[in-house]
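K.L.:
Compute the structure for the input listed below.
(one chain, ligands or ions: 2)
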Amino acid sequence: MKILVLMGGTSAERDVSLVSGEAIVKALRSAGHSVIALDTVQSQKLLPDHGKYLPDGIGEEPPDVAELEIKGKQLALEAIHSFDFSEVDVVFLALHGGQGEDGTIQALLDLTGKPYTGSGVLASALAMNKAMSKKIFERERILTPEWFVPEKSEFSNIPLILEKIHKSFGLPCVVKPNDQGSSVGLTIVEEEQDITKALHDALKYSDHIIIEKFISGREVTVGVLGDLALPVVEIIPEHGIYDYECKYTHGRSNYVCPAQIPPKKAKEIQSIGLKAFKALGCEDYARVDFRYGEDGHFYCLEVNTLPGMTDTSLVPKAAEAVGIDFPKLVEKIVRLALKRKS
Ligand SMILES: Nc1ncnc2c1ncn2[C@@H]1O[C@H](COP(=O)(O)OP(=O)(O)O)[C@@H](O)[C@H]1O
Ligand SMILES: [Mg+2]
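P.N.:
Ligands and ions are numbered 1, 2, ... in the order given. The predicted structure follows:
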């Protein structure tokens, strides 16, 4: 097949996407496909058959989003607009976060009529928006940490925000951008005095903030592939919280797959994972993030519709545990996309 891999993009997860993209391109090429890799920002074809790939790995911090913003969205539009889609059979989305994962690029691709991997416009948009996802989880009786979304006009009214936190669930709480990934702009707030900085850090990445009850417990995630929930992965991050650095720096987290939890609990979380996937209308594959609370309940945090595909990534690890190696996983995702669109 002729496959276009879209990667890079303008989001804070750009570097991660370049590394995912590189792994995907290699896997598809090793399976004999003809692959074109395109960075949606630079409108540049990357990764020629022979030659060095772009990224030097993922740094300890996300790239400067303000700078990416300036390079911008227009370039992404141009990259897609100027590309001759008649050249390809299917588009593989190695983008993460921002417009690559929130339905925007998906909408542009819908206009080209070419099949692409992963969820469509609506599911992508819902999943990228944590508050919207949680409204749906609640409707479906999927347990999710208590939360509220402060109004923009309230951001500078710290006493009011603190009052809301204390009335709802108290400290510690989690302050995060409502529509980002990779833990960027996220803070666990333990003391009242830390709230101002937490809001400031979240606002660097988004105009919308969500404040959640902190769920103390374990970090677990469930990958979904087609209509199958993959084995549960437990993450033991060095920093206690699964922040950007622990996500992408080798050795900063330990991963246990299948997670050491009772088989009954594993079945339970897998079925909640599938339910969350379906509730948002996701397709092909995704990863559902949870906290396994000390109270024995699973709290669904979010669904990632374009989860990481780097070599520290979780869906590839979970797939491996059921005998689906990385090239097979990538191939399967392509087949799912083609099947859906045919
Ligand atoms: N309510 C919470 N309670 C405890 N830890 C949390 C909570 N929300 C987020 N976290 C921590 O932050 C990480 C990232 O949060 P998540 O909601 O999955 O957003 P992202 O889209 O950035 O991955 C989680 O994997 C977890 O370690
Ligand atoms: Mg997450």
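K.L.:
which ones are touching the closest residue to ligand 1 within the stretch 1-150 of the chain?
P.N.:
Nearest residue of the stretch 1-150 of the chain to ligand 1 (Cβ to the nearest ligand atom) works out as Pro145 at 3.9 Å. Glycine gets a C-beta too; all of them are placed from N, C-alpha and C. The neighbours of Pro145, taking Cβ atoms under 8 Å, 6 or more residues apart in numbering as the test, are 174, 212-215, 291, 299, 301.
K.L.:
Can you report how many residues neighbour the nearest residue to Glu238 once chain neighbours are set aside?
P.N.:
Beyond its immediate neighbours in the sequence, the residue positioned closest to Glu238 (Cβ to Cβ, 6 or more residues apart in numbering) is Arg252, lying 4.8 Å away. Using other Cβ atoms under 10 Å, Arg252 has 17 neighbouring residues.
K.L.:
ok, Asn178 to Glu61 distance?
P.N.:
Going from Asn178 to Glu61 by Cβ to Cβ, to the nearest Å gives 21 Å.
K.L.:
So for those two, which sits in the more crowded spot?
P.N.:
With other Cβ under 10 Å as the criterion, Asn178 and Glu61 differ in neighbour count, and Asn178 comes out ahead with 21 against 13.
K.L.:
Residue ranges in the chain under the pLDDT threshold?
P.N.:
42-59, 65-72, 311, 341-342 (pLDDT under 70).
K.L.:
Bridge partners for Val91, pull those for me.
P.N.:
Leu4, Tyr116 (DSSP bridges).
K.L.:
and it, what does it touch?
P.N.:
With Cβ under 8 Å, 6+ apart as the criterion, the residues that contact Val91 are 3-6, 85, 109, 114-117.
K.L.:
about what we covered before: the residue nearest to Glu238 contacts Glu245, doesn't it?
P.N.:
Yes. The pair Arg252 and Glu245 qualifies as a contact (Cβ atoms under 8 Å) at a distance of 5.8 Å.
K.L.:
Any chance you could list residues touching both of the two?
P.N.:
Contact with both Arg252 and Glu245 is made by residues His239, according to Cβ under 8 Å, 6+ apart.
K.L.:
number of nearby residues for the closest residue in space to Thr117 that isn't next to it in sequence?
P.N.:
Spatially, and ignoring its direct neighbours in sequence, Thr117 is nearest to Ala337 (4.4 Å; Cβ to Cβ, 6+ apart). Here the number of neighbours of Ala337 (other Cβ under 10 Å) works out to 24.
K.L.:
related to what we said a few turns ago, buried among the contacts of Val91? Make that a PyMOL selection.
P.N.:
Restricted to buried positions by 16 or more other Cβ atoms under 10 Å, the PyMOL selection for those reads:
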select buried, resi 3+4+5+6+109+114+115+116+117
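K.L.:
will you turn the contacts of Val91 into TSV that also has distance to ligand 1?
P.N.:
Converted to TSV, the contacts of Val91 look like this (distance: Cβ to the nearest ligand atom, whole Å):
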residue	distance to ligand 1
Ile3	27
Leu4	26
Val5	23
Leu6	20
Phe85	30
Leu109	23
Lys114	27
Pro115	26
Tyr116	21
Thr117	20
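K.L.:
from the contacts of Val91, which two are the most distant?
P.N.:
Greatest spacing in these, by Cβ to Cβ: Phe85 and Thr117 (14.7 Å).
K.L.:
wait, what's in contact with the nearest residue to Val256 once chain neighbours are set aside?
P.N.:
Residue nearest to Val256 in three dimensions, not counting chain neighbours: Glu234, with 4.4 Å by Cβ to Cβ, 6+ apart. For Glu234, the contacting residues are 218-220, 255-257, 259-261, 292, by Cβ under 8 Å, 6+ apart.
K.L.:
let's see 6 Å
P.N.:
220, 256, 259 (Cβ atoms under 6 Å, 6 or more residues apart in numbering).
K.L.:
from those, which is closest to Ala279?
P.N.:
Out of the contacts of Glu234, the member with the shortest distance to Ala279 (by Cβ to Cβ) is Val220, at 18.5 Å.
K.L.:
Which strands and helices lie in contact with the helix or strand where the closest one lies?
P.N.:
Following DSSP states H and E, one finds Val220 within strand 217-225. In this structure, strand 217-225 packs against strand 233-237, helix 263-279, strand 285-293, helix 314-320, with contacts taken as 3 or more Cβ pairs under 6 Å, 6 or more residues apart in numbering; DSSP states H and E.
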